[in-house]
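Participant: Could you work out the structure for the sequence below:
(chains A and B)
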Amino acid sequence: DAKTTQPPSMDCAEGRAANLPCNHSTISGNEYVYWYRQIHSQGPQYIIHGLKNNETNEMASLIITEDRKSSTLILPHATLRDTAVYYCIVTGANSKLTFGKGITLSVRP
Amino acid sequence: GAVVSQHPSRVICKSGTSVKIECRSLDFQATTMFWYRQFPKQSLMLMATSNEGSKATYEQGVEKDKFLINHASLTLSTLTVTSAHPEDSSFYICSAPSSGGAYNEQFFGPGTRLTVL
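Facilitator: The predicted structure follows:
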């Protein structure tokens, strides 16, 4: 699986958009970008995934650059409950998930 | 969305005893489940892939005789930590791929915190 690089942490104000970056410059053509998050002492939660096109669901939006070497997860209106570790994972369609260190998002009141 | 449960949520045991952790898919069938381990302040590490009707596949460095996995049915996988020692104390989490969705759109259980005294 391609390696991903995420900043260790970031914060944002409640109600504002949180833009979480991820670099995956070695991604191959058949690999997807997945985002999960883990709230403290809980199991991870699937957020969204994409291959080439931008994706949006009820939780977030995923913006993938045209060259697919980086992506951004957008939480449009962050709340205190969005404070968590967010993992960007690049993997093939039927491959296993490999979790890196992720980025710790702190949402401040 | 689909729900995965784990039991127990927390267990404390004495060194040398065995501990069984259950992972259930509550409203969908899972021919494959995954077991992860997470030490404090670290990320999740995949331990093994549990396959219904066949042997589990273990990741490199994970002792299969110590971490016994049984995928008894399409909704249940169990992980038994045999002869547990303090260094086995960790947060154990299972997951299962969604049925009808992408393989890696996985549903995770809430985790089991094991403390070995």
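
Participant: State whether residue A:12 and residue A:108 are indeed in contact, as I suppose.
Facilitator: Yes. Using C-beta atoms under 8 Å, residue A:12 is in contact with residue A:108, at 7.4 Å. C-beta: built from backbone N, CA, C; applies to glycine.

Participant: out of the two, which sits in the busier spot?
Facilitator: residue A:12 (18 against 11; other C-beta atoms under 10 Å in any protein chain shown).

Participant: got the end-to-end distance for stretch B:52-71?
Facilitator: The first residue of stretch B:52-71 is 5 Å away from its last residue (C-alpha to C-alpha, to the nearest Å).

Participant: distance between it and the chain's centre?
Facilitator: 10 Å (C-alpha atoms, centre = their mean, to the nearest Å).

Participant: same check, this time on stretch A:58-68
Facilitator: 9 Å.

Participant: With stretch B:34-42 instead?
Facilitator: 10 Å.

Participant: give me every residue that touches the spatially closest residue to residue A:101 that is not a sequence neighbour.
Facilitator: Distances taken as C-beta to C-beta, 6 or more residues apart in numbering or on different chains place residue B:43 nearest to residue A:101, at 5.6 Å, with adjacent residues excluded. Residues in contact with residue B:43 (C-beta atoms under 8 Å, 6 or more residues apart in numbering or on different chains) are A:87, A:99, A:100, A:101, A:102.

Participant: Run a quick check on the second one versus residue A:88, I expect a contact.
Facilitator: What it means is residue A:99. No. With contacts counted by C-beta under 8 Å, residue A:99 stays clear of residue A:88, the gap being 9.8 Å.

Participant: Have a look at the two and say which one is more surrounded.
Facilitator: Neighbour tally, residue A:99 and residue A:88, criterion other C-beta under 10 Å: the higher count belongs to residue A:88, 26 against 20.

Participant: For that one, pull up the helix or strand it's in.
Facilitator: Secondary-structure assignment from DSSP states H and E places residue A:88 in strand A:84-92.

Participant: That strand - what's its average pLDDT?
Facilitator: Here strand A:84-92 scores 95 as its mean pLDDT.

Participant: Tell me if that strand is near chain B.
Facilitator: Yes. Applying C-beta under 8 Å from any C-beta of the partner chain, one finds strand A:84-92 touching chain B at A:87, A:89, A:91.

Participant: neighbours of the last one, just the number please.
Facilitator: A count of neighbours around residue A:91, defined by other C-beta under 10 Å, yields 20.

Participant: what about chain B, any weak spots by pLDDT?
Facilitator: Residue ranges of chain B with pLDDT under 70: B:1, B:100-101.
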